[in-house]
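J.: build the 3D model from these lines:
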Amino acid sequence: MPTRLVAFDLDDTLAPSKAAIDPRIGALLVALAEKVEVAIISGGQLAQFETQVVDRLPAASAAVRSRIHLLPTCGTQYYRIDEDGIRTVYAHTLSDDEKARALGAVEEEARRLGLWESETWGPILEDRGSQITFSALGQRAPLGAKLAWDPTGERKNALRAAVAARIPDLEVRSGGSTSVDITHRGIDKAYGMQRLAEQTGIPLDEMLFVGDRLDPDGNDYPVLALGVACHAVTGWEDTAAFLDDLLPTL
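T.: Numbers count the residues shown, from 1 in each chain. As a prediction, this is how the structure comes out:
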């Protein structure tokens with residue numbers, strides 16, 4: 001089937017974690033949107049999408065920008081770009097009770113496991129509306145520190161399991177290199193891709209997903225398990241090289 005939509009993970013696929021995209025990626029995303037629909041789906045919140053990607057895109061027509069779909073918090077929120085800026089399509093938020101229980105469980109378990117750090121780069125806990133996120137070193141931690149904190153993923157996975165046992169009615173999953181995300185049950189990137197298919201009318205077998213964590217323990221793996229065609233990358237430079245090869249074929 002022809003590829004009608006290309007979707008991307010954000011951190012470590014389009015840009016280093018929490019960093020702005022390189023101008024090369026910005027130019028490639030616009031060139032891609034001139035040919036097909038483009039989506040970005042990540043556990044991050046909308047503000048990250050704006051500062052990392054949207055604000056860094058080169059000039060493009062309104063028609064081209066309208067082909068860029070933004071799905072923060074794994075698709076529990078969905079936004080489009082129009083002439084007036086970013087428009088909300090939908091946003092499914094957690095209830096106050098769900099948020100309170102999630103925040104309490106993740107902090108208590110992190111402290112019990114010795115994973116609550118005293119020196120961080122910003123808040124450890126963040127309410128993203130439809131998602132509660134624990135970031136062990138804070139939201140603004142440098143990449144080197146994040147990679148050194150849990151190189152095997154063992155600490156993060158232990159926290160995920162402990163929190164999941166406390167709040168079985170909610171979904172608890174590993175996020176980025178130091179993060180754990182809590183959402184409604186059944187929410188992962190596969191959920192986001194299915195909502196994308198519903199909103200655009202483009203079937204999953206006409207989509208392509210690009211991500212850096214397609215291994216079975218990775219947060220991109222649900223998209224592969226869903227049956228969507230996937231391409232694994234190791235960083236934004238790898239993504240750029242892949243797009244250089246992909247664009248002439250579309």
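
J.: so which residue is dead centre in this structure?
T.: Most central in the chain under CA atoms, centre = their mean is S42, positioned 1.0 Å from the mean C-alpha point.

J.: residues in contact with that residue?
T.: Taking CB atoms under 8 Å, 6 or more residues apart in numbering, we find S42 in contact with 9-11, 48-49, 71-72, 74. Bear in mind the C-beta positions are built from the backbone N, C-alpha and C, glycine included.

J.: can you give me the helices in this structure?
T.: Shown for the chain, the helices assigned by DSSP state H span residues 23-33, 46-52, 62-65, 96-112, 143-149, 154-166, 189-200, 221-226, 236-246.

J.: to V210, which of these lies closest?
T.: When those are ranked by proximity to V210, the top entry is helix 236-246, at 6.0 Å, counting by CB to CB.

J.: pull the distance from that closest one to the chain's centre.
T.: In terms of CA atoms, centre = their mean, to the nearest Å, the centre of helix 236-246 is set 19 Å apart from its chain centre.

J.: stretch 241-250 too?
T.: Between the centre of stretch 241-250 and the centre of its host chain there is 22 Å, according to CA atoms, centre = their mean.

J.: can you tell me what sits against it?
T.: Where contact means CB under 8 Å, 6+ apart, the residues beyond stretch 241-250 that reach it are 3, 6, 28, 31-32, 35-36, 210, 231, 233.

J.: send me that stretch as PDB with only the CA atoms.
T.: Coordinates of each C-alpha in stretch 241-250 appear next as PDB, following Å, rounded to 0.1, in the frame of the first residue of the first chain:
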ATOM      1  CA  ALA A 241      19.200  10.100   6.700                       C
ATOM      2  CA  PHE A 242      16.200   7.800   6.500                       C
ATOM      3  CA  LEU A 243      14.000  10.800   5.300                       C
ATOM      4  CA  ASP A 244      16.500  11.700   2.700                       C
ATOM      5  CA  ASP A 245      16.000   8.300   1.200                       C
ATOM      6  CA  LEU A 246      12.300   8.100   1.800                       C
ATOM      7  CA  LEU A 247      11.200  11.400   0.300                       C
ATOM      8  CA  PRO A 248      12.100  10.700  -3.300                       C
ATOM      9  CA  THR A 249       9.900   7.500  -3.100                       C
ATOM     10  CA  LEU A 250       6.700   9.200  -2.000                       C
END
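
J.: re the thing from before, export the contacts of stretch 241-250 to a markdown table and tack on distance to S177?
T.: Rendered in a markdown table, the data for the contacts of stretch 241-250 read as follows (distance: CB to CB, whole Å):
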| residue | distance to S177 |
| --- | --- |
| T3 | 29 |
| V6 | 24 |
| L28 | 24 |
| A31 | 29 |
| L32 | 27 |
| K35 | 32 |
| V36 | 30 |
| V210 | 18 |
| H231 | 21 |
| V233 | 16 |
